[in-house]
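S.K.: only geometry, no sequence info:
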């Protein structure tokens, strides 16, 4: 299928062939008939992408703060790679469309193939021939509403949500500052709600359109003229509410809003507007300042989107889905005229040139822009091709890799190394979105891009599979790949339950000589500092390992924190240090006692983990998540036989009591990703001297699950060292 994509590095736009997207279990695949351009929002995105790096940083200080945080935690090298990857990754445009359903997910009940629907959602209802959209963002189109009008569902829902935030009542006066697409919708909606409306905009044509749509007055941004209209319409009191739809760095719209609104009135901000509130004015009038977020409740709730969980109407009257439905009902009743607002129509094939014209200011009077998709494709059977193939890249390697999943970590910390490994052929890559898969395939030389994982697992030319998906799917893909006789690399964690681990080990016990092997992404054991510290204890062994971690807090709404999908910080990061303790011990875990606490007042999470190993040595992990400033993130102490070693931030290794200079210092932190992948490739290729670490990685997973169980059951857990399949040692 074809999809519009943009690159953040230089703002280049392209209409590309990409694999069909994956249908969510609670969702459907929609063939697009029309997609609606949100002129203001999408012009801003295109223009920002075409700025230089300094201008981008000035426009997005929030992203600069994230870069600084990464720099503090991970060092210069990883930060540069992450920034470069972000700039090279294409983004999609569009968030409002309409079309026909061609396929439904397993858990979809109320939507059927052939239904005509309106779809919304950034990154979901994009400018593309097909879109996979969750059920809560799909609404049936009433019989007397055209699909062209329905394609504006997202903008209509945004307008409705802002009216609800403004708490408008019958007979109130409203000023709308900014008469672009959103402002024009608001003119009609406020009129339908029984309010008197005045509009304000610099463009005379947009003021005229507002008057035609029912505004009682429309004026320029001149404050004196606007104030006269506001006082005339309100009997000298000032308007009851002001709706701000403009996106500008000027603070003048905010000042104008404060001048127009009455005492204790409401000002609702919908646009990306510079906000400076003059204390005297806002205090004296006691003005209520409000934001209106997207299309309604649920748009930022993963359970609402992917989980298909709607809010009870008795508690949340206007969710995003209900706002979209209400908008379409108003169109069906003739209270909203969408066609009046469509000023330009383009064929989808001309979308790139249309965006160029928008960004270059060649369509200054544009209000509503619609892309129309080829009619010849609308009535044909759905195209089930979820794979795009490319000319052959590198060949001759013994290891032929298929990669399932490639999120931020994999793109910045794995792919740059994998692409440069001699003896490795990159055969295929699979991600949930076709645009991402196609882009990565082209950049790194994969032979095919797909959104279907089994396409790689069942491919006889692929003999190794890398799994870098979200945690809840790891065990499923590992199991399928091992059963298919392929070597497997999987990002941690290997499994999130004992049942999953037992299923994996059951397959591994049946492998014969030369059978598939398993590799887990516990990279820290491969750091040159870890290996040098281990060598320091050669012949005497480490008797005690202590890992102290002070990590920055992970947002509560991150998928890492979701108990089902990510398993929390224990499965995403603490697991590395459980593995590191096992690595330095060189023996199996026999007993685990772990505690986890949360300090709500400081938003800190803490773990204290005590491990006993079969050779009598011990491991301790102290992990505090929440306050990292002023401390090294990771400190590892290894003791035994009168010797000691300390790894600080995987940048510095010291041997207390040893001669000066016997340690090691690195320019940048090295947590072992590159060395890990080299060792993995050598083992998969059966290179002389390579080591099969399958049993060690399974033992690490077993230890992590014991930690999880100890925390859950509030007791010490004893492990059977014969589990899972005759482990001979770590």
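M.R.: Good, I have the coordinates. This structure is a prediction, so every number in the text was calculated from the model and none was measured.
S.K.: what about the most far-flung residue of the chain relative to its centre, distance to residue 281?
M.R.: For the chain, the residue at maximal distance from the C-alpha centroid (Cα atoms, centre = their mean) is residue 235, at 49.6 Å. As for residue 235, its distance to residue 281 is 21 Å (criterion: Cβ to Cβ, to the nearest Å). Where C-beta positions appear, they are placed from N, C-alpha and C, glycine not excepted.
S.K.: do residue 576 as well
M.R.: According to Cβ to Cβ, residue 576 stands 54 Å off from residue 281.
S.K.: Also residue 146?
M.R.: Here the criterion is Cβ to Cβ. By it, residue 146 lies 45 Å from residue 281.
S.K.: Check residue 209 too.
M.R.: As judged by Cβ to Cβ, residue 209 and residue 281 stand 31 Å apart.
S.K.: okay, the two: which has more neighbours?
M.R.: residue 209 (23 against 14; other Cβ atoms under 10 Å).
S.K.: Pull out the buried positions in the helix or strand containing the more buried one.
M.R.: Residue 209 belongs to helix 204-212 when assigned by DSSP states H and E. Buried positions in helix 204-212, judged by neighbour count with 16 or more other Cβ atoms under 10 Å: 206-207, 209-211.
S.K.: Export those residues as JSON lines, with columns for pLDDT and distance to residue 458.
M.R.: Output for the buried residues of helix 204-212, formatted as JSON lines (pLDDT from 0 to 100; distance: Cβ to Cβ, whole Å):
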{"residue": "206", "pLDDT": "94", "distance to residue 458": "56"}
{"residue": "207", "pLDDT": "95", "distance to residue 458": "61"}
{"residue": "209", "pLDDT": "95", "distance to residue 458": "56"}
{"residue": "210", "pLDDT": "96", "distance to residue 458": "58"}
{"residue": "211", "pLDDT": "96", "distance to residue 458": "63"}
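S.K.: Make TSV from these and add distance to residue 681 to it.
M.R.: Listed next are the buried residues of helix 204-212 as TSV, based on distance: Cβ to Cβ, whole Å:
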residue	distance to residue 681
206	60
207	66
209	63
210	64
211	69
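S.K.: Among those, which one lies nearest to residue 440?
M.R.: Of all the buried residues of helix 204-212, residue 440 sits closest to residue 206, with 41.9 Å by Cβ to Cβ.
S.K.: Quick check: closest non-adjacent residue to the closest one.
M.R.: Distance criterion Cβ to Cβ, 6 or more residues apart in numbering; nearest residue to residue 206, sequence neighbours excluded, is residue 179 at 4.1 Å.
S.K.: residues in contact with that neighbour?
M.R.: If you count contacts by Cβ atoms under 8 Å, 6 or more residues apart in numbering, residue 179 has them with 187, 199-201, 203, 206-207, 209-210, 218, 245.
S.K.: in the top helix by length along the chain, what counts as buried?
M.R.: Identified as the longest helix of the chain according to DSSP state H is helix 694-713. The neighbour-count check on helix 694-713 (16+ other Cβ under 10 Å) flags 694-708, 710-711 as buried.
S.K.: what's the following helix or strand after it?
M.R.: strand 717-718.
S.K.: for that next one, packing partners?
M.R.: Identification of packing neighbours for strand 717-718 by 3 or more Cβ pairs under 8 Å, 6 or more residues apart in numbering; DSSP states H and E yields strand 589-599, helix 694-713.
S.K.: Would you mind getting the angle between the longest one and strand 589-599?
M.R.: In this case it means helix 694-713. Helix 694-713 and strand 589-599 meet at an angle of 50 degrees, taking axes from the mean of the first three to the mean of the last three Cα atoms, to 10 degrees as the criterion.
S.K.: was I right about residue 274 contacting residue 248?
M.R.: Yes - here residue 274 reaches residue 248: they are 6.4 Å apart, a contact under Cβ atoms under 8 Å.
S.K.: just to revisit the earlier point, could you name the stretch from the helices and strands packed on strand 717-718 that's closest to residue 363?
M.R.: Closest among the helices and strands packed on strand 717-718, using Cβ to Cβ: strand 589-599, at 52.8 Å.
S.K.: The closest one pairs with which strands, and in what direction?
M.R.: strand 604-613 (antiparallel), strand 717-718 (antiparallel) (DSSP bridges).
S.K.: Same list (those) but as TSV, adding mean pLDDT.
M.R.: Shown next, in TSV, are these (pLDDT from 0 to 100):
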stretch	mean pLDDT
strand 604-613	92
strand 717-718	96
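S.K.: Just name the most buried of those strands.
M.R.: Stretch with highest mean neighbour count among the strands paired with strand 589-599: strand 604-613 (a mean of 20; mean count of other Cβ atoms under 10 Å).
S.K.: Show me what that strand is in contact with.
M.R.: Residues from elsewhere that reach strand 604-613 (Cβ under 8 Å, 6+ apart): 553, 569-570, 574, 577-578, 581-582, 585, 587-599, 618-627, 703, 707, 711.
S.K.: Only the buried subset of those residues, as a ChimeraX command please.
M.R.: This is how ChimeraX selects the buried members of the contacts of strand 604-613, with burial counted by 16+ other Cβ under 10 Å:
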select :569,570,574,577,578,581,582,585,587,588,589,590,591,592,593,594,596,618,619,620,621,622,623,624,625,626,703,707,711
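S.K.: Could I get the contacting residues of residue 705?
M.R.: Residues counted as contacts of residue 705 (Cβ under 8 Å, 6+ apart) are 495, 497-498, 501.
S.K.: If we use 10 Å, what do you get?
M.R.: 493-501, 571, 575, 592, 717, 719 (Cβ atoms under 10 Å, 6 or more residues apart in numbering).
S.K.: Look up how far residue 504 lies from it.
M.R.: On the measure of Cβ to Cβ, residue 705 and residue 504 end up 12 Å apart.
S.K.: Need the overlap of contacts for these two.
M.R.: 494-495.
S.K.: surely residue 167 meets residue 268?
M.R.: Yes - using Cβ atoms under 10 Å, residue 167 is in contact with residue 268, at 9.3 Å.
S.K.: show me where pLDDT drops low in the protein?
M.R.: Within the chain, the ranges that satisfy pLDDT under 70 run 56-57, 59, 62, 72-75, 376-384, 393-394, 600-604, 627-629, 660-661, 723-730.
S.K.: Domain map for it?
M.R.: Taking automatic domain parsing as the domain assignment, the ranges for the chain are 2-152+300-376, 163-291, 392-520, 525-718.
S.K.: Would you mind giving the ones you listed as TSV with distance to residue 386 added?
M.R.: As requested, those are arranged in TSV below (distance: least, Cβ to Cβ, whole Å):
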stretch	distance to residue 386
domain 2-152+300-376	5
domain 163-291	34
domain 392-520	4
domain 525-718	23
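S.K.: Show me the one of the ones you listed that comes nearest residue 385.
M.R.: Comparing these by Cβ to Cβ, domain 2-152+300-376 comes nearest, at 6.7 Å.
S.K.: Show me how far that closest one is from its chain's centre.
M.R.: 15 Å (Cα atoms, centre = their mean, to the nearest Å).
S.K.: any residues in contact with both of residue 167 and residue 268?
M.R.: Residues touching both residue 167 and residue 268 by Cβ under 10 Å, 6+ apart: 241, 288, 290.
S.K.: just checking, the last one is part of a helix?
M.R.: No - assessed by DSSP: H, G, I helix; E, B strand; the rest coil, residue 290 does not belong to a helix; its assignment is strand.
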